[in-house]
Every structure is written in C-alpha cells, then in structure tokens.
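**Student:** this one's structure only:
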C-alpha cells in the first residue's frame, strides 16, 4: 500500500465517483464503436491490408479493455488483501504464452538499461525460489494492475491479490522480498531491474520500465513496472512502493500491428515492382506506335491502323492482353489480338513468348488458321500451362481480302455505310485447352472506307450474357459515318468504354481500308 508521503509529490486527492462513472460509460460506448469499425475492416479484398486493419482494430479494442479494467479498479477503491486461506483464483491463460518458459524474441523489455550490482541490497535470490507453486496454469485477467510495498526498515512486504496472480505465485507462500524478486525476472532483464531499483532507492528516481518475468508455470510475461521511494517524516527512504501491470497481450497486439503493417508494405512493394516489370516487358514486345499507324501500302487498298490498351484500373498489373500489326513479305499485313489468362509477370512473359512465335511463323508464310494451331501446341507443351483467346487476320491489299481465324475470341466488327455487324466466326477453341485442335479459316472482301474494329473480350464482356456491351459498340456506327480516321474510331471506343469499370483489361484496334484523305 502506498505511504501517505511520497518522495516528490503529495498523495493525490481521490477522483469523484461521478467522473469515473462517466469515463467508464464513454469508454464502453467507444469500445462498441470500435467493434463496428473492426467488423467493417474485414470486407477489404486485399488480404495483407485487411490483416493490418484488423490488427489495428484489435489493438485499439484491447487498449480500451485495459482502460475499462483500470477505471473499474479506480471506482472500486483500495485493492483487497489476499484471502487468509491462500487460495488463488484461476483464470484462463492468455494466447501466446510460452509453455516451456522461454521468452518470445518479440517481447523485448523496455526502459533504460543499467549495469549495476545484482540488487540494491546486495544479494540475489537463487532459482530455488522459483520452485513450482502450483501445477495448474493460471494467469491474471488482461491488464490487471497489482501493487506492492517493501518496507526497508522492518523488512515487511505487502502485496495486493493481483500481484500473486500476475506473477503466478501461490498466496500461501507469501510475498517475495526485494532480494528475491530478481529470481522471477528473465536473466537478460535482471540488470535492468537492478538498475531501476538502485536508482530509485539511492537517487530517488521513479521506476518506469518493462521486464519479462518467468512464472512458476513456465509462462513468460511482459510486465510494466512503475514505482517510487516512500520517505518518512525525517525525509529518509522508508520503503519502496510499486505497481505492476501485465502488458503481454497489449505488446502482442502492437506486434501484430507492426507485422501486418510490414506485410502491407511488402505487398505494395511487390505490386509496384511487378507493375514496373510488366510495363517494361510490354513496351519491349508490343508495338511502340501511338495514335495512328500508316502502313507502306498506297491506293484504295491501303491500311490505316490505330490501337489502344484499356486497363481495368490505373494501378492494376496487366500482362496477358496484346495487339500487334506486322507487315509481311509481299505487302500483306498480319493483325493479331489476344488475351492470356492471369495478370502480372507470368502472363506478360507468356504473352511475349507467344507473340514472338506468332511473328516468326507469320514471316515464314503460315496462314492464320494453321498459325493458331501451332500456337495451341506451343501452349500445351509449356512448363506453366496457360489458356488464351486470340485472333489472327491476314490482309491482302492487292485483292482487298481478309483471311482470319479465331481461338474463342470475339469476332471482328465490320462497319460499312453507317451500319455495323459482327463477322461470322470460323470454328476455333481456346488456346491451350486441348492438344491437336484444328482452327478453321474464314475470308471476307473489304471495300475502301470499311472499318474493322477488333478487340479482346474484356471490352464487351457481359456479366449476364445478354450481349448488350457488343450492341453498344455496334451503336457507334451512325455517329461515326463519314471519312473518319482509325484514330477517331479508337478514340470513340475509348470514350464509350474506357471509363467504365471492367473486371479485365482490354485492347481495341481499328483498321480503316483506303487510309484517309484528310
């Protein structure tokens, strides 16, 4: 129990009961609000971020619980003395206690370290004082505070009931003397305790620090120790008074916040790195042209191209979508679009491999249908299986014909004379779905002024399968009549679909026959 006189200040006046009751009511209300915030934090899709948010909420709730316990104790008044029969109230052990008595490396002591003699009175208790007091595992309620006073003149020791519970000591054994207390402290923290006690008794400094204690049942606890010397009427140090609080659960909550926060930072760093790698890989293999591309052909069969990539979100990693235009020997042009499953570096590397193989076979004269068959076999023999849709089209300006094949890909949309329609697709299955698949090839005659709009399925995918998104695209025909450039077509598609929320990335390409007269 504290003495009526303290070394540096008088005993504070008791707090009015109405004030404490009001604080308790506000604390309980705040805890209820915090519980609601904790439940709302569980809906985030980012697992690392969700863990960090939940850990912060758990820490806040635990601190409010501790505050509520302390306010209840404050309202109750002076702590009761231990029962005469020495019985200990059993409480469930907290999560995270070390059953073998070893300290967790995540529970470091806090406070200033000293290297002074073992104890202020010159002796240190031995490990025998840690003889098992009780076989069962007991622990104090989280955040309970115990008090103790060691009389230096009479060697009397007075512990509150909470001290026995926090330190796991049987009450029939009585309180420990100041010389015996270091035997409870983990060896690495004994110097810290010795320094704080010495400074308190000799220099009158208050005690304020955290230590790890090893209970008789083997549990390692982190406790916060605060104390100060009590002087008698002559100004001499008569006793040492201290309070002890079990902060193990609080420190674990703080550690969970730190660890989950680091997980969020690592996840963000990985995402940023992956996004940069994907972007660099795409820029290395996907055509670098921006805006319109005027190919070398001339005359009514000349081809003007424009394309754009529409990401699903500004910061989301792409990697599986591509578009490409390649001039072949003899003046023909190969147009391709595709979409591989997945996102990120893996999808981008698969896309680069596929696009390289596609270009090489096209330069060797392989027709679109056979080309898709070879790509399908390539995906079937890769170490990491991947699926993908693709469209390959070969345009011959001399005859104005387009030969094309598709692998589970949206058909090109042909716009002519103010109307639009989807070309009838030849048969073709998803790339990588089955070995030895064949891909049919179709042919269509294009006229000067025709516009082909090719796109990946991320642009017009419908959640309900009604096809309304494709109808929106075809509805551009009336407003795009006239001698519109390929770039204007792509810009119109971007304005119609580019700002919409999509579940996947998309690529769009416009090919205008006959170039532009502007």
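**Tutor:** Okay, I see it. Since the structure is predicted, the reported quantities are computational estimates derived from the model, not experimental observations.

**Student:** show me how far the longest strand along the chain is from its chain's centre.
**Tutor:** When the chain is scanned for its longest strand (criterion: DSSP state E), the result is strand 220-231. Here strand 220-231 is found 38 Å from its chain centre; the criterion is C-alpha atoms, centre = their mean, to the nearest Å.

**Student:** chain center to the following helix or strand past it: distance?
**Tutor:** Sequence-wise, the next helix or strand downstream of strand 220-231 (DSSP states H and E) is strand 237-246. Here the centre of strand 237-246 is set off from its chain's centre by 43 Å, with C-alpha atoms, centre = their mean.

**Student:** quick one: mean pLDDT for strand 237-246?
**Tutor:** Per-residue pLDDT over strand 237-246 has a mean of 89.

**Student:** picking up where we left off before, which other helices and strands contact the longest strand of the chain?
**Tutor:** Secondary-structure packing of strand 220-231 (3 or more C-beta pairs under 8 Å, 6 or more residues apart in numbering; DSSP states H and E): helix 190-203, strand 207-214, strand 237-246, helix 248-285. C-beta here means a position set from N, CA and C on the backbone, and glycine is covered the same way.

**Student:** show me where the stretch 301-450 of the chain has its helices.
**Tutor:** With DSSP state H, counting those that start in this stretch as the criterion, the stretch 301-450 of the chain has helices at 345-363, 368-381.

**Student:** got a markdown table for those helices, with distance to residue 153 and mean pLDDT too?
**Tutor:** Conversion of the helices of the stretch 301-450 of the chain to a markdown table gives the following (distance: least, C-beta to C-beta, whole Å; pLDDT from 0 to 100):
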| stretch | distance to residue 153 | mean pLDDT |
| --- | --- | --- |
| helix 345-363 | 74 | 86 |
| helix 368-381 | 88 | 93 |
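
**Student:** turn the ones you listed into JSON lines, columns for distance to residue 450 and mean neighbour count.
**Tutor:** Formatted as JSON lines, the helices of the stretch 301-450 of the chain follow (distance: least, C-beta to C-beta, whole Å; neighbours: other C-beta atoms under 10 Å):
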{"stretch": "helix 345-363", "distance to residue 450": "23", "mean neighbour count": "19"}
{"stretch": "helix 368-381", "distance to residue 450": "19", "mean neighbour count": "20"}
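
**Student:** figure out which of the ones you listed is closest to residue 58.
**Tutor:** Of all the helices of the stretch 301-450 of the chain, helix 345-363 sits nearest to residue 58, with 34.2 Å by C-beta to C-beta.

**Student:** buried ones in stretch 328-347?
**Tutor:** Of the residues in stretch 328-347, those buried by neighbour count under the rule 16 or more other C-beta atoms under 10 Å are 328, 332-347.

**Student:** now, the residues you listed that are in strands?
**Tutor:** Short answer: the buried residues of stretch 328-347 in strands (DSSP E) are 333, 334, 335, 336, 337, 338, 339, 340.

**Student:** which one of these sits closest to residue 29?
**Tutor:** Checking these against residue 29 by C-beta to C-beta gives residue 339 as the nearest, at 52.5 Å.

**Student:** the residue nearest to the closest one when sequence neighbours are not counted: what's it in contact with?
**Tutor:** Once flanking residues are discounted, residue 339 sits nearest to residue 456: 4.3 Å by C-beta to C-beta, 6 or more residues apart in numbering. Contacts for residue 456 (C-beta atoms under 8 Å, 6 or more residues apart in numbering) come out as 321, 337, 338, 339, 389, 409, 410, 505, 506, 507, 508.

**Student:** and which of the residues you listed is nearest residue 217?
**Tutor:** Closest to residue 217, out of all of the contacts of residue 456 and judged by C-beta to C-beta, is residue 505, at 57.9 Å.

**Student:** what number of residues are in the vicinity of that closest one?
**Tutor:** When neighbours are counted by other C-beta atoms under 10 Å, residue 505 registers 22.

**Student:** can you tell me how far it is from residue 338?
**Tutor:** 12 Å (C-beta to C-beta, to the nearest Å).

**Student:** can you work out which residues contact both of those two?
**Tutor:** Common neighbours of residue 505 and residue 338 (C-beta under 8 Å, 6+ apart) are 321, 456.

**Student:** the closest residue to residue 207 other than its chain neighbours pairs with what?
**Tutor:** Spatial nearest neighbour of residue 207, excluding adjacent residues (C-beta to C-beta, 6+ apart): residue 227 at 3.9 Å. For residue 227, the beta-bridge partners are residue 207, residue 242 (DSSP bridges).

**Student:** was I right to think residue 227 contacts residue 206?
**Tutor:** Yes: with contact defined as C-beta atoms under 8 Å, residue 227 and residue 206 form a contacting pair (6.9 Å).

**Student:** where do the contact lists of those two overlap?
**Tutor:** Common neighbours of residue 227 and residue 206 are listed as residue 200 (criterion: C-beta under 8 Å, 6+ apart).

**Student:** okay, these two: which has more neighbours?
**Tutor:** residue 227 (23 against 15).

**Student:** contacts only, for the more buried one.
**Tutor:** Counting by C-beta under 8 Å, 6+ apart, residue 227 has contacts 200, 206, 207, 240, 241, 242, 243.

**Student:** just put those residues in a markdown table and tack on distance to residue 144.
**Tutor:** Converted to a markdown table, these look like this (distance: C-beta to C-beta, whole Å):
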| residue | distance to residue 144 |
| --- | --- |
| 200 | 23 |
| 206 | 21 |
| 207 | 19 |
| 240 | 21 |
| 241 | 18 |
| 242 | 15 |
| 243 | 11 |
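
**Student:** hmm, which of these are the buried ones?
**Tutor:** 200, 207, 240, 241, 242, 243.

**Student:** closest one of those to residue 452?
**Tutor:** Using C-beta to C-beta, the buried ones among the contacts of residue 227 come closest to residue 452 at residue 243, 81.0 Å.

**Student:** I figured the closest one was touching residue 146, is that so?
**Tutor:** Yes: when contacts are counted by C-beta under 8 Å, residue 243 is listed as touching residue 146 (6.9 Å).

**Student:** in the stretch 101-250 of the chain, where is pLDDT below threshold?
**Tutor:** Where the stretch 101-250 of the chain drops to pLDDT under 70, the residues are 101-143.

**Student:** quick one on the thing from earlier: can you redo the helices and strands packed on strand 220-231 as JSON lines with distance to residue 351?
**Tutor:** JSON lines is the format used below for these (distance: least, C-beta to C-beta, whole Å):
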{"stretch": "helix 190-203", "distance to residue 351": "59"}
{"stretch": "strand 207-214", "distance to residue 351": "54"}
{"stretch": "strand 237-246", "distance to residue 351": "57"}
{"stretch": "helix 248-285", "distance to residue 351": "7"}
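
**Student:** for residue 174, find the nearest of those.
**Tutor:** Counting by C-beta to C-beta, residue 174 lies closest to strand 237-246 out of these; the figure is 16.6 Å.

**Student:** and the angle from the closest one to helix 190-203?
**Tutor:** With axes from the mean of the first three to the mean of the last three C-alpha atoms, to 10 degrees applied, the angle from strand 237-246 to helix 190-203 works out at 150 degrees.

**Student:** not counting its own residues, what contacts strand 237-246?
**Tutor:** Residues from elsewhere that reach strand 237-246, judged by C-beta under 8 Å, 6+ apart: 1-3, 7, 139-140, 142-153, 162-163, 166-167, 178, 197, 200-201, 204, 207, 221-232.

**Student:** would you mind listing the buried residues in stretch 257-274?
**Tutor:** For stretch 257-274, by 16+ other C-beta under 10 Å, it's 257, 260, 261, 263, 264, 271, 274.
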